[in-house]
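> One predicted model, sequence on top.
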Amino acid sequence: MAIFLSFTVIGLVAGCVYALIATGLVVTYNTTGIFNFAHGAIAMVGAYAFWQFWQGWGWPAPLALVMVVLVLAPLFGLFIERLLMRPLRGAPVDLTLVVTLGLLLFLVGLAQIIWDPSEVRNLPSFFNGDGKRIGYVLVTYHEVVAVAATVAIAIALRLLFNTTRTGIAMRAVVDNADLLAMAGGRPIRIQQLSWMLSSSIAALAGILLAPIARLDILLLTLLVVDGYAAAIIGRLRNLPLAVAGAMAIGLGQFYISGYANADWVKRVQYVIPMVVLFAVLILLPQDRLRTASFTGAVAPRVAGLKASLVWGLVLVAGTMLVSTGLSGPNLRTAANGFALALVLLSLLLLTGYGGMVSICQLTFVGLGSIAMGKVGGDGGSLLGVLAAIGLAAGAGFLLALPTLKMRGLYLALATFAFAAVFDQAVFTQIFGTGGNQTVARPNIPGIPTGSDQAFLVLCSVVFAAAAIGVLAFRRGSLGRRLVAVNDSPAACATLGVNVNRTKLVVFTASAAMCGLAGVLYGGVTKQVDANSFAALLSLVALLLARIGGINTATGVLLGAFTFALFPTFLPHLPDFLSNQFLLTGIAAVSVGRDPNGLGGRIAQGAEKLRELLGLDRKLVSVPVSSDDGTAAAVFLEEEGRLVSAGH
Amino acid sequence: MSAPATEFAAPAGTERRDPHAVVEVVDVSVNFGGIAALTDVRLSAREGQITGLIGPNGAGKTTLFNVITGLQEPTHGRVWFGDRDVSGLPPYKRARRGVARTFQRLEVFGSLTVFENVLAAAEFRRSWSNDDTPARTVAAEIIRRVGLSVVADARVDSLPTGLARLVELGRALATRPRLLLLDEVGSGLSHEETEALGDLMVDLTRDGTAILLVEHDVELVMRVCDRIFVLDFGRIIATGTPAQVQKDPAVQAAYLGAAPESRGGPS
């Protein structure tokens, strides 16, 4: 009984923190339509800031609390509203994803710079962990505060949304901000308010959570992701339901950890929220078939076969040439760049062409590495390569089956939940705590792969071949089908296309490419561990693809190498920028806004150059009719054919 | 109503009644959260004929198209293609049985060119039918037929709406449908272009294609349709030849807002 009660108390407290997190998410989602992936990171920074004032600078705890929760957090909310969120009004889901994920990475990077992760910090509970013994159970005042704060905030928000003018305006703003403005409301003021409120609640949640869990940057950022499950249970709109869901998750988690004996069951408790999230996402009714697109901007021209073959050869030849002058570590850095580029190439196929978002590509890479290590053996037999591709493809297939109908935000959340489950339960189980797996380089008869230089060349060949293949696919009949399914699933269905099967095939193929990347990735260092495939890295991969340009092979290569070469730049960067996550975050919210990314800009430049050099194009005007009477459309003519139009 | 009762009026039940129908919708009702978008709608379209479906905005025409193509599950009622009940089939399986459509709210493949839009549809057909005419041949012929040759290589999202609708028509034709559902395909076209469109439709019916046409251009509807169904507030209020429908008091009431007692229409 005592055990039951004490786990009930801990479970309730965890539930309360999840409820706070869910509440903050629901507030901003309801007033701005933006799902804030960085919510957890804001909570983490809040906890660290509180530590800094209280433990670091010796402020009294109440004052530090007021400073963080009521002053700094709202100011931060105001700041991100103005800088990042306001321009997102009416933006497609994928853009809000990129920006909030970028903010997440930025905050993680910032925290790592300010509070060196290698230094152990401890955030004590309020009241020194004192408490009162009720029956058999010690209930700490910290826990009482957590529960009381949650209840108070829940009641206050309910009153705010349902009874006050501001609250009702807050609900109106998401439905139609323009209409509200015409009716005399001030949408911007309301959205500012909701970001301030949400940041405050997030900071408070972080402060309450840190003493219960641990003051750790990644742990806190990802732990609050657990609150997302609760928010989704409330379908991002219903606060009472979200709170109930949070309680159920918190209690379930601690009952399991309390009563389970086996090691692997204990590990399961960390993934319960993720499993719940995944399950709820599957059960949620999805929108009917409608147009949806990840791109939004005009994609650059797809390179032709001749051009892609030439570029592939140049890439491989260039790699061979450069590799002769590189030392061992640099050779491995470059090989790593190609492995990452292959992962990003899988996103080019999946997201760039197919419009499906995935935040679990590194999980497939991990499966590939493991299969190569276990099946390939010390000799690195080619069977291992097949197993790597097969295992990753199989996992991709199984994940795609239940998630086919999801799009945008839901698919992103589901894949992220999948990655987190593997990160926290499956990979740690396979590798053992702190363990690793040796992965041999593939042994191809007649071709040397043993030396770092030979392996680098192999990596470049694999990437070039895969890129040529993906581009050829895009130009062909199946690629057209994929683009068509992305542009209009409804039209495809009424033209006889089995939309779900098309998506299934592409998702599987994309996972298979990641499996192959896993072979390369493992071969670089010949050893992998659980950290190599952390869920956060999948997120980094998505953002890198976006930064480099998610719809060109050049962009993908660019994105991968910018990140892979980072350790090489590092010594030349000023300290305050010396963090991969920070820079990726900044790049994502700036360059990543444009789906064509850096690669797109390069392609655009090349196009302009061709136009400048080629004199065989001229503008012609063709009369066409449009909605507003007749108008003239202007076309670019090339060799007597019309190639592009504007009007 | 003035149409011969034996031909169009049908008793209750979910059996098909029209033996000539390529498609028959039987007692279909659709409710959106308690609001009736369609109520007991019964309609058929026949081989080699153009069947008009007219009615004021919000009458439920597009919803009915969604029901026929499988994009909208009806609350009640069945859909037959020929003598086969297709009510449970997903959209792509219905398409493979020879139904194609255009969309009132455009659903083009915006990032592909006009030619690629039609080519993609022709390729889709090749993948599920026995027809192995090269897709490029089919696409080129259709582009010419719907009059899009001059913009064939333009990206569709750069086209004016009227031309984009023709792209949808071309795309639908590329699947060589037995039944073609056209949802306001003529809007945004000039007078001459509408004339040409009407001729094209008549031409298509000569090969036996059944066309179900939703159109606001009354002149076009009256010129090309063999039969017309009139939908108002989700109910069929009149059926008959263009001449019959034009004279129908219920139709005049629906369009012009005449005295409410005539709204039900004589039955």
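On my side now, so go ahead. Residues are numbered from 1 along each chain as shown, chains lettered A, B, ... in the order given.
> in the stretch 1-150 of chain A, what residue is nearest chain B?
residue A:92 (13.6 Å; Cβ to the nearest Cβ). All C-beta spots, glycine's among them, are computed from the backbone N, C-alpha and C.
> what ranges do the strands span in chain A?
Assigned strands in chain A, in chain order: A:131-134, A:137-140, A:436-438, A:527-529, A:617-626, A:629-638, A:641-646 (criterion: DSSP state E).
> whoops, I mixed them up, chain B
Secondary structure of chain B (DSSP E): strands located at B:21-32, B:35-46, B:50-54, B:76-81, B:84-85, B:99-101, B:179-183, B:210-214, B:227-232, B:235-240.
> Just put those in CSV and tack on distance to residue A:607 and mean pLDDT.
Output for those, formatted as CSV (distance: least, Cβ to Cβ, whole Å; pLDDT from 0 to 100):
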stretch, distance to residue A:607, mean pLDDT
strand B:21-32, 46, 92
strand B:35-46, 47, 93
strand B:50-54, 45, 95
strand B:76-81, 47, 93
strand B:84-85, 51, 91
strand B:99-101, 35, 95
strand B:179-183, 36, 95
strand B:210-214, 41, 95
strand B:227-232, 49, 93
strand B:235-240, 54, 92
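> Check those for me and report the most buried one.
strand B:99-101 (a mean of 29; mean count of other Cβ atoms under 10 Å in any protein chain shown).
> got the CA coordinates for stretch A:339-356 in PDB?
What follows is stretch A:339-356 as a C-alpha-only set of coordinates in PDB (Å, rounded to 0.1, in the frame of the first residue of the first chain):
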ATOM      1  CA  ALA A 339      27.300   9.300 -45.200                       C
ATOM      2  CA  LEU A 340      25.300  12.200 -43.900                       C
ATOM      3  CA  ALA A 341      24.700  13.400 -47.400                       C
ATOM      4  CA  LEU A 342      23.200  10.000 -48.200                       C
ATOM      5  CA  VAL A 343      20.800  10.400 -45.200                       C
ATOM      6  CA  LEU A 344      19.800  13.900 -46.500                       C
ATOM      7  CA  LEU A 345      19.400  12.400 -50.000                       C
ATOM      8  CA  SER A 346      16.800  10.100 -48.500                       C
ATOM      9  CA  LEU A 347      15.000  13.200 -47.300                       C
ATOM     10  CA  LEU A 348      15.200  14.700 -50.700                       C
ATOM     11  CA  LEU A 349      13.200  11.700 -52.000                       C
ATOM     12  CA  LEU A 350      10.800  11.600 -49.100                       C
ATOM     13  CA  THR A 351      10.200  15.200 -48.200                       C
ATOM     14  CA  GLY A 352      11.500  17.200 -51.100                       C
ATOM     15  CA  TYR A 353       9.700  15.200 -53.700                       C
ATOM     16  CA  GLY A 354       7.100  13.300 -51.700                       C
ATOM     17  CA  GLY A 355       6.100  16.000 -49.200                       C
ATOM     18  CA  MET A 356       6.300  13.600 -46.300                       C
END
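> for that stretch, what is the average pLDDT?
For stretch A:339-356, mean pLDDT rounds to 93.
> any residue of it up close to chain B?
No: Stretch A:339-356 does not reach chain B (Cβ under 8 Å from any Cβ of the partner chain); its nearest approach is 9.6 Å.
> Next, report how far that stretch is displaced from the centre of its chain.
14 Å (Cα atoms, centre = their mean, to the nearest Å).
> Likewise for stretch A:56-64?
That offset, for stretch A:56-64, works out to 35 Å (Cα atoms, centre = their mean).
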